[in-house]
Each structure stands twice: as structure tokens, then as C-alpha cells.
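Visitor: Model the structure of this input:
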Amino acid sequence: VLKALDHPEKSCWTNIFAPVEIMQCFGLQCVSMECLSSFMSGFKIEDYLIDYAQNEGIASTLCSYHKNFIGGVDSGVLPKAAMSVTTSMICDGNINTFRHMEQKHQVESYVLDIPNTYSPEAERYVVGQLQELIELLETKTGQTLDMSFVDEEDIWSMTEGLMKEIFKDIKGIELPEFKRIPYDTCMEKYGSDKPDLRFDMPLYNVSEVFANTEFKVFENCLNEGGIIQAMNVKNGADKFSRKQLDKLQDYVKVYGAKALANLKLTSEGFAGSVTKVLSNAEKEALRTMLNIEENDIVFFVADKKKVAQTSLGALRVKLGHDLDLINKDAYEFLWVTDFPMFEYDENENRYVAAHHPFTSPNLEDVDKLMSDPAHCYSRAYDLVLNGYELLSGSIRIHDQKLQEKVFEAIGMTLEEAHEKFSWFMDAFQYGTPPHGGVGIGLERLTMILAGTDNIRDVVAFPKTASASDLMAQAPSPVDPAQLKELGIETK
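Guide: Numbering: from 1, shown residues only. The predicted model follows:
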């Protein structure tokens, strides 16, 4: 880091081992390109990222976190999670075989510089052969942008500019300004924190319609603190047979819902599974609230708030595809903002960080961290595209007292915090600037650009669900001499 400070004109720093937070204590603005990157099917997204950053006056840094890899990737050994360390995934043991495999299939090789913190010089890797690390470490493949002295608007502006440039050059599309919707509104209206806005079929909380209902199922749900969520499928009443409605019942049960009720309006009046148990006043109130017209069908889920929203939200997406309601040529970007700061863990009987404990709470919610954690919101945000989470990020805490307060809110004492994060807490003493960033999921972005809904289509060497590489036959046994060299003893 100090070397980088001495040479600010350098556009690329190598052999950086310090975590991003430590770098930001020195006021460094950086675009952190982690070594976990993937093959981009000819779309050189990294080029756009670096060029855009440099045009904005931000240096790009290539850094990797090899301290988690036994012996570093130079050894070519990475023990597979939940397996004996006598098996490993191929890292860079024979990189040329993967490069040649791409060229044999007439794929242009794309080379990315990745510094290795355990070797004096940066190695050159063909993007893609480190996919093993992604799956074993359970992390997203992506480019991470981290910047100091910024707020949300700076992050959003830079990211939107990058996306507009990518889509203009690759798809020939001029993107409009990105929408912004708070998390709570997304859940209430779409039942998802990554809603697909390419079609219109919102959810409604109709609990107030049934405040005095005589229908016991709805009455009991409301008395137990639940909600009644509804969704009107326009002109859909004649599109579902009894058998298909039964399958939809089974579908929502996967998401925890107990049942799926329906009400439809035909030329002869209301019909459906709950038409006989609802009063005329309730049906007329629903007609007005949901704009029910002839041949519409309304689906209901009465359950706990989260279950009702997510189950009906999942059904919304399914019906959007099944009924061909989605405009396949549209690209609907959306910033989801104001995520909850905490979520309650029923197993541990306490609140835990919803994003991570280093995310800054909204300034107006700081006073509620201890007294009302359920209604504290954070400065975390996601960029959603066509129902996929494209990136996630946040503004981080840069004040030690606030960080200690957040740890306390999740049940961690100051002693525990300093024991687990001593290096992190000590860094505050050097004047940590306001900072934040995002991590862009490059594979998912490439998948959308390529017009496929299968992310394996844009991975050079995809793995099975168990993280096995059938082509390279990895994991494979490790030579005892190599284990000895690394100081690993098996039992």
C-alpha cells in the first residue's frame, strides 16, 4: 500500500496483500479486481471496468486474497470443502492445457493479470480456470469496486455509467435512468428483493378488507399477526384447469405457504375456491382495490408476512413465464435500497446482521440500534436486472464507536469484537474515511448479455453440483510429496 502511495501515477499495483478496508484507511480510491474471475464468452467486461474507472480518475488495482489458500495457488493444491485433504482441485498446475482447450474450440483467449501475494511476480491467467475457487469458497465471481470519500449516489452514478456503456457497446441499447425502490416496497409489491419489472402483476396486501371477516382461515391468520396477500392475474381465469390450480397449490407450498386460494370473475359473477365463504361486501371491496374485471383470477396467500410475500412473489414470476407475459427484449434495471439492518435468527434467539456487521445503518436509524433493531435500515443496496441480482454493495461504517454499537446490537461484546477483529478495529485509529462499494457478478451479467438463462453457458469449465470437474477429473488425489512440502499431514 505504501508503495502504491509513493507512485499514484501507476494505474496498476501488484502484490497487494492488505484487505480493502486497510487500504481505505489511507484514503485510497481503488477498483479491486479479485482473482476469482470467470471466462466472459468474448465479452471483455473487465476492459470496460478498467477503462471506465480510469476515465473517472480512479486507479485500478489487481489484488487477491491468497492467504486463505493452503500454500497459495502456486502450489496447485486447494483442499475441497467437506472432503479429505488428500483430494484437491486443479488451480494453476497446468494452465496451458486450459488455454489450449479454449483455442481448440476457436474461443479467443482472454488474459487477465492476477498478482499472487506469495510470489514476487504476477502470473498471467486465462480467465476461467480459477472457477474451482469460486465454487469451493462459495463466493460470487465478480469485479469489486471500492472507493473512499463516497456516498450511495457516487456508487450508483459510477455503476450506472458503466452499465450504460456496456449495453450501448455490446447490445446497441441506450439505457434510461435506473429505477430505485426501497426493500420494503419491493417485498410488498413484488414479493421479492430482486423483482422482474419486465411485466406488470403487482401484489396487494388486502388484510384490511378482511378485518371483520367470518372466513375462519383468514380470521385466524390475522389474529396471529399474519397478512393476506393477493395478486390479480388479468384475463387469466380461463387459463387454469382444476389440475393446474392444484399444481399451483403445491408450488407455493415449497415456499412455506399453507394453501393458495383463488377468486375469479366470470360472465355469471364471482367463482373460485373462496367465493362461497366471502361476503358480497368483501368481494366488492376486492373488485375495487384490485381492479377485478371479467375473466380475471385473483390468488390469495394468508400466512406470516414473509411467507405470504415470498410465496406469492415466486408464483408471480412463474406465471409471468408460463403465461408469456415477459418482454424478452427488455432490460429493466432497478436499485433496491434501504435493506433491513438486522434480521431475527429464531435458532439463536437474537438479531444478526442482514448484510454484514460492517454495513452502515441509515443515519436516522442509529438511535434505534439497541431499542428497535427490527426497524433499523441499512445503507446496503442491490442492482437488479430482469429478476437477477447483478451486484450487491453498501456504504461501510467508518466510525469506531458506531461499529462497536452495531456489534453490541447483534449480541457481541466489545471484548469479543476486539478478539475476533482486532486488526480491523485497530485500523479505525488511523482515520478511516467514509467508503463503500459494490461487487459485480460478471458471470450473471454475461449470461444476460448472451441471452441465456443458464449461467453454465458462460462458464468456460463449469462444474457439477458437487463442484467436480468431469473434464479435468478433479478433485483428484494429491501426491504425498506435495503434501509434505506444504506441511499438511492427513489422518
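Visitor: How far away from the center of its chain is stretch 359-370?
Guide: Computed by C-alpha atoms, centre = their mean, to the nearest Å, the chain-centroid distance of stretch 359-370 equals 23 Å.
Visitor: Wasn't Leu175 part of a strand?
Guide: No - under the criterion used here (DSSP: H, G, I helix; E, B strand; the rest coil), Leu175 is coil, not part of a strand.
Visitor: and the gap between it and Pro475?
Guide: The gap separating Leu175 from Pro475 is 42 Å, by C-beta to C-beta, to the nearest Å. Backbone N, C-alpha and C define where each C-beta goes, glycine included.
Visitor: So between those two, which is more surrounded?
Guide: Counted by other C-beta atoms under 10 Å, Leu175 and Pro475 do not tie: Pro475 has more neighbours, with 22 against 16.
Visitor: quick one: that one and Thr464 touch, right?
Guide: No - taking C-beta atoms under 8 Å as the definition, Pro475 is not a contact partner of Thr464, at 11.3 Å.
Visitor: Quick check: neighbours shared by these two?
Guide: With contacts defined as C-beta atoms under 8 Å, 6 or more residues apart in numbering, no residue is shared by Pro475 and Thr464.
Visitor: Can you check the pLDDT for Asp246?
Guide: pLDDT, Asp246: 95.
Visitor: which one is Phe167 nearest to, not counting chain neighbours?
Guide: When the adjacent residues along the chain are set aside, Phe167 lies closest to Ile173, with 4.7 Å between them (C-beta to C-beta, 6 or more residues apart in numbering).
Visitor: Quick check: that neighbour vs Thr446, distance?
Guide: Between Ile173 and Thr446 the distance, using C-beta to C-beta, works out to 16 Å.
Visitor: and if you look at Met341?
Guide: Relative to Thr446, and taking C-beta to C-beta, Met341 is found at 32 Å.
Visitor: and the residue nearest to Phe167, how many neighbours?
Guide: The local packing count at Ile173 equals 14, with neighbours defined by other C-beta under 10 Å.
Visitor: How about the one 4 residues further on?
Guide: Here the number of neighbours of Glu177 (other C-beta under 10 Å) works out to 8.
Visitor: host element of the closest residue to it other than its chain neighbours?
Guide: Sequence neighbours aside, Glu160 is the residue nearest to Glu177 in space, at 7.6 Å (criterion: C-beta to C-beta, 6+ apart). With elements delineated by DSSP states H and E, Glu160 resides in helix 152-171, which encompasses its position.
Visitor: I'd like the average pLDDT over that helix.
Guide: Over the span of helix 152-171, the pLDDT mean works out to 91.
Visitor: Any stretches of the chain with poor pLDDT?
Guide: Regions of the chain meeting the criterion pLDDT under 70 cover residues 1-144.
Visitor: Repeat the analysis, applying 50 as the threshold.
Guide: Along the chain, the model assigns pLDDT under 50 to residues 1-44, 58-141.
Visitor: center of the chain - which residue?
Guide: Within the chain, the residue whose C-alpha comes closest to the C-alpha centroid is Glu389; the distance, by C-alpha atoms, centre = their mean, is 4.7 Å.
Visitor: hang on, that residue in a strand?
Guide: Yes - note on Glu389: a strand contains this position according to three-state DSSP.
Visitor: who's it bridged to?
Guide: According to DSSP bridges, Val384 are recorded as the beta-bridge partners of Glu389.
Visitor: got it, and the one 4 residues further on?
Guide: For Gly393, the residues forming beta bridges with it (DSSP bridges) are Tyr381, Val438.
Visitor: What's the local residue count around it?
Guide: For Gly393, the tally of surrounding residues (other C-beta under 10 Å) stands at 24.
Visitor: gap between it and Glu153?
Guide: From Gly393 across to Glu153, the span is 13 Å (C-beta to C-beta).
Visitor: Next: Thr413.
Guide: Distance from Thr413 to Glu153, counting by C-beta to C-beta: 36 Å.
Visitor: Quick check, the residue nearest to the centre of the chain in contact with Ser192.
Guide: No - here Glu389 lies out of contact with Ser192, judged by C-beta under 8 Å, at a distance of 10.0 Å.
Visitor: can I assume Gly437 is in contact with Ile155?
Guide: Yes - checked against C-beta under 8 Å, the pair Gly437 and Ile155 is within contact range at 6.7 Å.
Visitor: anything in contact with each of those two?
Guide: 145, 147, 393.
Visitor: Show me what the helix or strand hosting Met289 is packed up against.
Guide: Under the criterion of DSSP H and E, Met289 resides in helix 280-290. Counting contacts by 3 or more C-beta pairs under 8 Å, 6 or more residues apart in numbering; DSSP states H and E, helix 280-290 packs against strand 227-233, strand 261-266.
Visitor: now, of these, which is deepest in the fold?
Guide: Sort these by mean neighbour count, taking mean count of other C-beta atoms under 10 Å, and strand 227-233 sits at the top with a mean of 23.
Visitor: That one - contacts with which helices or strands?
Guide: So strand 227-233, by 3+ C-beta pairs under 8 Å, 6+ apart, packs with strand 203-205, helix 216-223, helix 280-290, strand 297-303, helix 305-322.
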